[in-house]
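Participant: Return a 3D structure for these sequence lines:
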Amino acid sequence: MRINSIKFKTNILFTIILLIILTVYNTILFYSAQHILYHSVDDNLKIKAKEIVQILHAYQELDDQESSSNNLLQRFLNFQEGVVTKRMIIDDLWRSDVEALNLKQDFIQVLDLKGQVVLHSADFNESVFALFQGQAHFAKDREFLQDAKSGSYHLRVINHPFKIDEQYSGIIQIGTPLKDVDKIIKKLLLFIFASEVFILLMTSFLGGVFVRRILQPVTEVVKAASHITSKDLTVRIQQRDFDAEMKRLIEAFNMMIGRLEKSFGHISEFSSHVAHELKTPLAIIKGELELALDQNQIGPEQKDVIEDCLQEIDRMVKIIQDLLLLAKLDYNPEVFHFREFDFNEFFNEIVEQGKLLAASQDIQLEVEPLGGAQQKLVGDKIHLRRLFHNIINNAIKFTPAKGKIMIFLSEDKNFLSVKIKDTGIGISEENLPKIFEKFFRVYPEGRQFEQGSGLGLSIALSIANAHQGDIQVESHLQQGTVFTVSLPIKNSFS
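Facilitator: Numbers count the residues shown, from 1 in each chain. Here you go, the predicted model:
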């Protein structure tokens, strides 16, 4: 699929739009899931903190000593035998809550109102102490939750002040590991990324399929247009079950080709009629002038004028014939009759005729023949003969006496090439692109040339194109010119 195409741009546009939608949706989904997970952890931490406070209250209720001067934190530090017995009861309650609240993985510490650690769970180590001291801030009169992260520890910590005897007596801090939550979040993130890539790839593939299906009529228009030439305007696109917009496009295209076919028919018919209508009066004028030339009453000056007129009439007839031929070559493919023939034998005849003409101008013509067996070619011999005669005559015309023309024949798997090289005056760089234009002629200063119609090379190129071939030219002033005619060996002519 090419970058600069409607298919590619449409597919990319749909993919980008879907990418934006998926990214926004997945971002909302990810942060919503993350918020739900953290909110669940926070709720559990609040429940755990409240349950631990209940244990502390139970501890107070089990205390038989009535000493209003001692608070709960002081009793934690009392090592009398009775206190130890009560702690054993608290331990039983604690163990049951540890199982029920899943506190085994949590880090728990009790702070006094000054922030000093009074009690802590047995799993505290130096790293956990440093983490709590550095990141787990405390407040003695409000509850809040915070993250604490360092090294391999990532904790969600709750700061929960508690009251004993209607007064704030300490702060409970519980840090629960977020390892499981982080794993879930990473898996969710990986799943979102993988699903987004999969959806984009599937959308890109299916979008390409749908775009190709939608643009199928456009593809058919392109194929039909590539087969339309001035020689064949009968191509039409078949109407099928296309979308309404595509049906209108195909109808407009077929109508346009119909109008072009009609216009080209008018052009061809007009050219043929004009050529025929001009040839008739010119033939009459020529006959009258020739009759006048045979009269003895005219003087030498009148005779020269009549001869000049006859030459101009002959040139005009030649131009009309060339124009008529060009009209037929460009707009009427029926003038070509393709047959298989031996190219070597055909070209030898052309070379012999070229040598006679070159010798009359004191120009040497040499040929490097095509080696090997006979080379079969499918084409119209009459028009191909005119093609090569035009180029060879052109080379003779612009090559001075004692000059040289060399012809090289070669072939590859697909094309047969005829290279015609002369030692003539050459063609300037600015005129080189114009030499195949109709009526283009260049006559260098100081040299006399027979005037031509300016249609010879244009006719030659039309004949080459009609044979699915081409003509290339290279030239430098005062160094000569090289024409290379390429004709396909294998083609689709019938």
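Participant: In the stretch 251-400 of the chain, mark out all the strands, start to finish.
Facilitator: Shown for the stretch 251-400 of the chain, the strands assigned by DSSP state E, counting those that start in this stretch span residues 339-342, 364-368, 376-379.
Participant: Convert the longest one to CSV, retaining C-alpha atoms only.
Facilitator: When you say that, I think you mean strand 364-368. What follows is the C-alpha trace of strand 364-368 in CSV, where atoms were taken according to Å, rounded to 0.1, in the frame of the first residue of the first chain:
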residue,chain,number,x,y,z
GLN,A,364,29.3,6.5,-46.0
LEU,A,365,26.7,4.2,-44.4
GLU,A,366,27.8,1.2,-42.4
VAL,A,367,25.7,-1.5,-40.7
GLU,A,368,26.5,-3.9,-37.8
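Participant: Now that strand: buried residues?
Facilitator: Buried residues in strand 364-368, defined by neighbour count with 16 or more other Cβ atoms under 10 Å: Leu365, Val367. Just so you know, the C-beta spots here come from the backbone N, C-alpha and C atoms, and that holds for glycine as well.
Participant: Ok, stretch 40-57 next?
Facilitator: Judged by neighbour count (16+ other Cβ under 10 Å), stretch 40-57 contains these buried residues: Val41, Asn44, Leu45, Lys48, Ala49, Glu51, Ile52, Val53, Leu56.
Participant: hang on, the earlier thing: which stretch among the strands of the stretch 251-400 of the chain comes nearest Leu178?
Facilitator: For the strands of the stretch 251-400 of the chain, proximity to Leu178 was assessed by Cβ to Cβ; strand 376-379 is nearest, at 82.2 Å.
Participant: Note down every partner strand of that closest one and its orientation.
Facilitator: Applying DSSP bridges, strand 376-379 is found paired with strand 339-342 (antiparallel).
Participant: now the partner strand: how far from the chain's centre is it?
Facilitator: 44 Å (Cα atoms, centre = their mean, to the nearest Å).
Participant: now stretch 154-168
Facilitator: For stretch 154-168, the distance between its averaged C-alpha position and the chain's averaged C-alpha position is 65 Å (Cα atoms, centre = their mean).
Participant: in that stretch, what's buried?
Facilitator: Neighbour counts using 16+ other Cβ under 10 Å place His154, Leu155, Arg156, Val157, Ile158, Asn159, His160, Pro161, Phe162, Ile164 of stretch 154-168 among the buried residues.
Participant: mean confidence for that stretch?
Facilitator: Throughout stretch 154-168, pLDDT has a mean value of 84.
Participant: again with stretch 38-47
Facilitator: For stretch 38-47, the per-residue pLDDT averages 90.
Participant: Asn159 against Glu143, yeah?
Facilitator: Yes: using Cβ atoms under 8 Å as the test, Asn159 is close enough to Glu143 to be in contact (6.3 Å).
Participant: Now do Leu293 against Lys318, distance only.
Facilitator: Counting by Cβ to Cβ, to the nearest Å, the separation of Leu293 from Lys318 is 20 Å.
Participant: in the protein, which helix has the most residues?
Facilitator: Criterion DSSP state H: the longest helix present in the chain is helix 6-61.
Participant: how far does it sit from the chain's center?
Facilitator: Going by Cα atoms, centre = their mean, the spacing between the C-alpha centre of helix 6-61 and its chain's C-alpha centre is 41 Å.
Participant: Remind me what it packs against, helices and strands.
Facilitator: helix 72-76, helix 81-101, strand 153-164, strand 167-177, helix 179-214 (3 or more Cβ pairs under 8 Å, 6 or more residues apart in numbering; DSSP states H and E).
Participant: Mind listing the strands the third one pairs with, and their directions?
Facilitator: To tie it back to what came earlier, the one meant is strand 153-164. Strands that pair with strand 153-164, judged by DSSP bridges, come out as strand 144-150 (antiparallel), strand 167-177 (antiparallel).
Participant: tell me the angle of it relative to helix 6-61?
Facilitator: For strand 153-164 and helix 6-61, the angle between their directions (axes from the mean of the first three to the mean of the last three Cα atoms, to 10 degrees) works out to 40 degrees.
Participant: so where do the helices sit in the stretch 301-450 of the chain?
Facilitator: For the stretch 301-450 of the chain, applying DSSP state H, counting those that start in this stretch gives helices covering 343-360, 381-397.
Participant: just those: most buried one?
Facilitator: Highest mean neighbour count of those: helix 381-397, a mean of 20 (counted as mean count of other Cβ atoms under 10 Å).
Participant: show me the contacts for Ile185.
Facilitator: Listed by Cβ atoms under 8 Å, 6 or more residues apart in numbering, the contact partners of Ile185 are Phe30, Ala33, Gln34, Leu37.
Participant: Name the nearest residue to the second one, sequence neighbours excluded.
Facilitator: To tie it back to what came earlier, the one meant is Ala33. Once its chain neighbours are removed from consideration, Ala33 has its nearest residue in Leu188; the separation is 5.7 Å (Cβ to Cβ, 6 or more residues apart in numbering).
Participant: Near the one you found, how many other residues are there?
Facilitator: Under the neighbour criterion other Cβ atoms under 10 Å, Leu188 is assigned a count of 16.
Participant: care to break this structure down by domain?
Facilitator: The record assigns the chain these domain ranges, following automatic domain parsing: 6-185, 244-331, 336-488.
Participant: now the buried residues of stretch 154-168 as TSV including distance to Asp147?
Facilitator: Compiled in TSV, these are given as follows (distance: Cβ to Cβ, whole Å):
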residue	distance to Asp147
His154	7
Leu155	7
Arg156	6
Val157	7
Ile158	11
Asn159	12
His160	16
Pro161	20
Phe162	22
Ile164	29
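Participant: just the residues you listed now: which is nearest His383?
Facilitator: For these, the minimum distance to His383 (Cβ to Cβ) is 87.8 Å, reached by His154.
Participant: picking that back up, if you average pLDDT over each of the helices and strands packed on helix 6-61, which is lowest?
Facilitator: Taking each of the helices and strands packed on helix 6-61 in turn, the one with the lowest mean pLDDT is helix 72-76, at a mean of 44.
Participant: can I assume Lys303 is in contact with Leu293?
Facilitator: Yes: assessed by Cβ under 8 Å, Lys303 is found in contact with Leu293 at 6.5 Å.
Participant: distance of Ile313 from Lys286?
Facilitator: Distance of Ile313 to Lys286, computed by Cβ to Cβ: 5 Å.
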